[in-house]
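Sharing a model prediction with you, sequence too.
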Amino acid sequence: MENLTSNEAIMDLRWNFLFKPFEELLVNKTILEIAPYDGWFRRNFLNLPPKELHVVELNPSAINVLRGPKFSEDIDKDLFTVHDADIHLKLYEFAPKQFEVIICSGFLYHTPHVLWITEGIARLKPEYVFIETFGDEFGFLPEDVNGPGMRQSDHKCVPVNLAIPKLMQIDWFKSLGYEILQEVDTSHADLSLDIKSDDPARNYFNLWKKEYGIWFKRVD
């Protein structure tokens, strides 16, 4: 991590915690990543490689990054598709079993329609689902986590800062035909990098450690 910025080091750490131990579930699979923002994990996914990688993103600045030169070099464009759309609608346009793996990392606290998204994911019947979000640590999320600029919904008048309890999220997925494959504990994550006290990345890292990650497997 010596040559990485603090943000880049954190994102690498997230990959190592959330996805690297589960790479065998991702290799040669058709993957959908929900709201990847600037697509930091995209190169990691494509290097596995997958059969296909699809991303759905609504934020215009993120779309520009995803389609811009920063991430367009050295990738197989036949494997990568960007869907510029509202995920709340797009999830219900895809065909069931179109994707073998669906990644929903750091998104559910940006929408007031958590159950709608959860049911939309289950409707597609992927073999594996990964969810990473806030839960029991918060009732209402801090503004810097979910300010107006971060909300992924056309219904911006609706408050979006309510965290869904972990057990409720698990029960929803179980009722929709999924079982827990593995929980990911990020609470003991540590960076081999000093972050200055006034660096926003320090607050981001400390908040991320309070998220929970769960890999689900479809029960046939």
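Happy to help now that I have it. Residues are numbered from 1 along each chain as shown.

going forward, measure contacts between C-alpha atoms and count neighbours the same way
Fine.

ok, Val114 - contacts?
Contact analysis of Val114 by Cα atoms under 8 Å, 6 or more residues apart in numbering lists Leu108.

Ser187 versus that one, what's the distance?
Separation of Val114 from Ser187 (Cα to Cα, to the nearest Å) stands at 24 Å.

tell me which residues in stretch 44-60 are buried?
With burial defined by 16 or more other Cα atoms under 10 Å, the residues of stretch 44-60 counted as buried are 45-46, 49-59.

Among the residues you listed, which ones are in strands?
Residues from these lying in strands, with DSSP state E as the criterion: Glu52, Leu53, His54, Val55, Val56, Glu57.

and of these, the nearest to Glu119?
Of all these, Glu119 sits closest to Val56, with 16.6 Å by Cα to Cα.

returning to what we had before: with pLDDT and distance to Glu8 added, can I get the ones in strands among the buried residues of stretch 44-60 in CSV?
Below are those laid out as CSV (pLDDT from 0 to 100; distance: Cα to Cα, whole Å):
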residue, pLDDT, distance to Glu8
Glu52, 95, 25
Leu53, 94, 21
His54, 95, 22
Val55, 93, 20
Val56, 93, 22
Glu57, 90, 21
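
Make a markdown table out of the buried residues of stretch 44-60 and add distance to Leu66.
Below are these laid out as a markdown table (distance: Cα to Cα, whole Å):
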| residue | distance to Leu66 |
| --- | --- |
| Phe45 | 14 |
| Leu46 | 13 |
| Pro49 | 18 |
| Pro50 | 18 |
| Lys51 | 19 |
| Glu52 | 16 |
| Leu53 | 13 |
| His54 | 11 |
| Val55 | 9 |
| Val56 | 10 |
| Glu57 | 9 |
| Leu58 | 11 |
| Asn59 | 11 |
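
mind listing the helices for the chain?
Per DSSP state H, the chain carries helices over the ranges 6-18, 42-46, 60-67, 69-72, 87-90, 114-123, 166-175, 200-208.

Would you mind checking the average pLDDT for the first one?
Per-residue pLDDT values over helix 6-18 give a mean of 82.

Using PDB, list the CA coordinates for stretch 17-28.
Once non-C-alpha atoms are left out, stretch 17-28 reads as follows in PDB (Å, rounded to 0.1, in the frame of the first residue of the first chain):
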ATOM      1  CA  PHE A  17     -11.900  -8.300   3.000                       C
ATOM      2  CA  LEU A  18     -15.100  -8.500   1.000                       C
ATOM      3  CA  PHE A  19     -14.200 -10.200  -2.300                       C
ATOM      4  CA  LYS A  20     -10.800 -11.700  -2.400                       C
ATOM      5  CA  PRO A  21     -11.700 -14.700  -0.200                       C
ATOM      6  CA  PHE A  22     -14.700 -15.400  -2.500                       C
ATOM      7  CA  GLU A  23     -13.000 -15.000  -5.900                       C
ATOM      8  CA  GLU A  24     -13.900 -18.600  -6.800                       C
ATOM      9  CA  LEU A  25     -17.600 -17.500  -6.800                       C
ATOM     10  CA  LEU A  26     -16.800 -14.700  -9.300                       C
ATOM     11  CA  VAL A  27     -14.500 -16.200 -11.900                       C
ATOM     12  CA  ASN A  28     -16.200 -16.800 -15.200                       C
END
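
Can you tell me what sits against stretch 172-192?
1, 9-10, 13, 17-18, 115, 118-119, 122, 170, 208-220.

Sounds good, over and out.
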